[in-house]
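Student: my questions are about this predicted structure, shown below with the sequence.
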Amino acid sequence: MKALFVHDHKFNVDKNGNVYSHLMDGVLWKRYLEHADSLTVLSRRVIFEENEKSASGMRPAGCEGVSFELLGQSLGINGEKLSAPGYAEKYRTVRRAVSQCDAVIARLPSVLGYMACREAIKQRKKYAVEVVACAWDSNFYHGNPKNRVMALPSLLIMKHYVKKADAAIYVTDEYLQKIYPCRGFTGIASNVVLEMPDERVLQNRIAKIESTNKKVIFGLVGSLTVNFKGHETAIKALAAARDRIPDFELHFIGTGRPDRWQKLADEQGIGERVFFDGLKKHGREVTDWMDHLDVLLIPSLQEGLPRALIEAMSCGLPALGAVTGGIPQLLPGGFLHKKKDWRKLSEDIVRLCGDKELMKKCAAENFEKVKRFDGTILEKSRFEFWKTFFDMCRQHDF
């Protein structure tokens, strides 16, 4: 059984052809290789030397049984230029890859994923989709005018291919299912898997809250190159709250240049309180960073089920977020604000920072709720989904 995984993720490739990523590696590929003999990953590439800063924190992306078919970075999305011949060449690559596999897995939204779904239908191949975000949100809130124009077409294209899929697995409980229903069989499993933390983590967090009489440390996780992670909302909210809360710092982690966000913080009068901590690997590096925070801010304009929020909850970290994607299924309504509503976020910050009992309650509820992301429980659900799909593909071959 040969499987094909398709997405627009940018893998870093060095001069020797070695492939790296800070998100996708053997842990992910194992999900499919438990049911398939081999896996081809069809995605995009960035040459290592051209991306040295974002390459820090990368890890090898391959493992036994995995091969890569990586296309040039440009797909005509996010403002990238792509000629008609260039698009046709990429489509031919997708068509060939689909023809050489027995099962197609498309992570959506993604341009290459849509191509693969189209070819799977034409070639009568079974395909499954991983629905990890909303195409409308990712385009409309990207920040590039060309993406905003593509928001509606992308929404309709994604709805079409999810509906026709033989199987769909969602990262949310309800949000993405309502927008992108599927006629095939479906499953729910976050793409975040955690080792459950010891109860002492919560005890330490409570003790930290009780002893905090110093500055409050806020954090936000997200690439600095995009607009939809809510950096602007966070900066404006804290600027508005600065005279009503203790001294504070705002720390960012993520790839990209900090210039524009530093400029905005300077304009808002909090430039000296903003810090950029670079890229951290998901897992231990991120949770170690979060251990030093007092509140996580997640004012995103576009999300599926945010990994950063789940990791924060595993640290017993209080969090304030936007009504975006799967965030409302993780945080209670009192800790939510509408997209771009920095005034409401500012009021939530003041309320939370002024009430230690509320912070402790928030920490305990977050820590308890994150237990549903126990790797053992999620892996069982995910295993059954992929077993059913690959069994279907085998029967289809006969």
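Tutor: Nice, I can see it. Numbering: from 1, shown residues only.
Student: okay, now A319: neighbour count?
Tutor: The number of residues packed near A319 is 24, by other CB atoms under 10 Å. Backbone N, C-alpha and C define where each C-beta goes, glycine included.
Student: tell me what it is bridged to.
Tutor: Beta-bridge partners of A319, counted by DSSP bridges, are L296.
Student: what sits against it?
Tutor: V295, L296, L297, I298, L309, A312, M313, L331, F335, C362, N366 (CB atoms under 8 Å, 6 or more residues apart in numbering).
Student: now, which of these sits nearest D173?
Tutor: L331 (13.4 Å; CB to CB).
Student: in which helix or strand would I find that closest one?
Tutor: Under the criterion of DSSP states H and E, L331 resides outside all helices and strands.
Student: returning to what we had before: what would the contacts of A319 look like in a markdown table with distance to E267 and pLDDT?
Tutor: Compiled in a markdown table, these are given as follows (distance: CB to CB, whole Å; pLDDT from 0 to 100):
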| residue | distance to E267 | pLDDT |
| --- | --- | --- |
| V295 | 23 | 97 |
| L296 | 24 | 97 |
| L297 | 19 | 97 |
| I298 | 23 | 96 |
| L309 | 28 | 93 |
| A312 | 28 | 93 |
| M313 | 33 | 93 |
| L331 | 29 | 92 |
| F335 | 27 | 92 |
| C362 | 31 | 95 |
| N366 | 33 | 93 |
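Student: could I get the residues you listed as TSV with distance to T233?
Tutor: Shown next, in TSV, are these (distance: CB to CB, whole Å):
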residue	distance to T233
V295	14
L296	14
L297	8
I298	10
L309	15
A312	17
M313	20
L331	15
F335	14
C362	20
N366	21
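Student: make CSV from these and add distance to E174 and neighbour count to it.
Tutor: Output for the contacts of A319, formatted as CSV (distance: CB to CB, whole Å; neighbours: other CB atoms under 10 Å):
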residue, distance to E174, neighbour count
V295, 27, 21
L296, 23, 23
L297, 24, 28
I298, 19, 25
L309, 17, 24
A312, 22, 27
M313, 19, 27
L331, 15, 22
F335, 19, 22
C362, 23, 24
N366, 20, 26
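Student: quick check, nearest of these to L23?
Tutor: L309 (16.1 Å).
Student: excluding sequence neighbours, find me the nearest residue to that closest one.
Tutor: I298 (5.2 Å; CB to CB, 6 or more residues apart in numbering).
Student: show the contacting residues for the one you found.
Tutor: Contacts of I298 (CB under 8 Å, 6+ apart): L220, V221, G230, P306, A308, L309, A312, A319, L320, G321, A322, I327.
Student: can you report phi and psi for it?
Tutor: Torsion angles at I298 (phi, psi; degrees, to the nearest 10) stand at phi -140, psi 70.
Student: ok, the residue nearest to F383 when sequence neighbours are not counted to V131 distance?
Tutor: Computed as CB to CB, 6+ apart, the closest residue to F383 that is not its neighbour in sequence is E34, at 6.7 Å. Noted for E34: a distance of 21 Å to V131, by CB to CB, to the nearest Å.
Student: and for E64?
Tutor: Distance from E64 to V131, by CB to CB: 28 Å.
Student: K215 and I245 touch, don't they?
Tutor: No. Contact between K215 and I245 fails when scored by CB atoms under 8 Å: they sit 9.5 Å apart.
Student: for these two, indicate the residue with more neighbours.
Tutor: For K215 and I245, the more surrounded residue by other CB under 10 Å is I245, and the numbers stand at 18 against 13.
Student: not counting sequence-adjacent ones, nearest residue to the more buried one?
Tutor: C353 (4.5 Å).
Student: pretty sure K344 sits against G334.
Tutor: No. Using CB under 8 Å as the test, K344 is too far from G334 to be in contact (10.8 Å).
Student: who has more neighbours, these two?
Tutor: Set K344 next to G334 and count neighbours by other CB under 10 Å: K344 wins out with 17 against 11.
Student: residues of the helix or strand that the more buried one is a member of that come out buried?
Tutor: Per DSSP H and E: K344 is located in helix 342-353. In terms of neighbour count (16 or more other CB atoms under 10 Å), helix 342-353 has its buried residues at W342, K344, L345, S346, E347, D348, I349, V350, R351, L352, C353.
Student: quick check, central residue of this structure?
Tutor: Centroid check for the chain by CA atoms, centre = their mean gives P306 as the closest residue, at 5.6 Å.
Student: residues contacting that one?
Tutor: Taking CB under 8 Å, 6+ apart as the test, what P306 contacts is I298, S300, G321, G325, G326, I327, L330.
Student: what about 10 Å?
Tutor: Applying CB atoms under 10 Å, 6 or more residues apart in numbering to P306 gives the contacts 133, 171, 190, 192, 221-222, 229, 296, 298, 300, 312, 319, 321, 324-327, 330.
Student: just the strands in the stretch 251-398 of the chain please.
Tutor: Residue ranges of the strands in the stretch 251-398 of the chain, as given by DSSP state E, counting those that start in this stretch, are 274-276, 295-298, 319-322, 336-337.
Student: which residues touch the last one?
Tutor: In other words, strand 336-337. So strand 336-337 is in contact with 230, 233, 237, 299, 320-324, 327-328, 330, 343-348, going by CB under 10 Å, 6+ apart.
Student: by mean pLDDT, point me to the weakest helix or strand of this structure.
Tutor: helix 52-55 (a mean of 47; mean pLDDT, DSSP states H and E).
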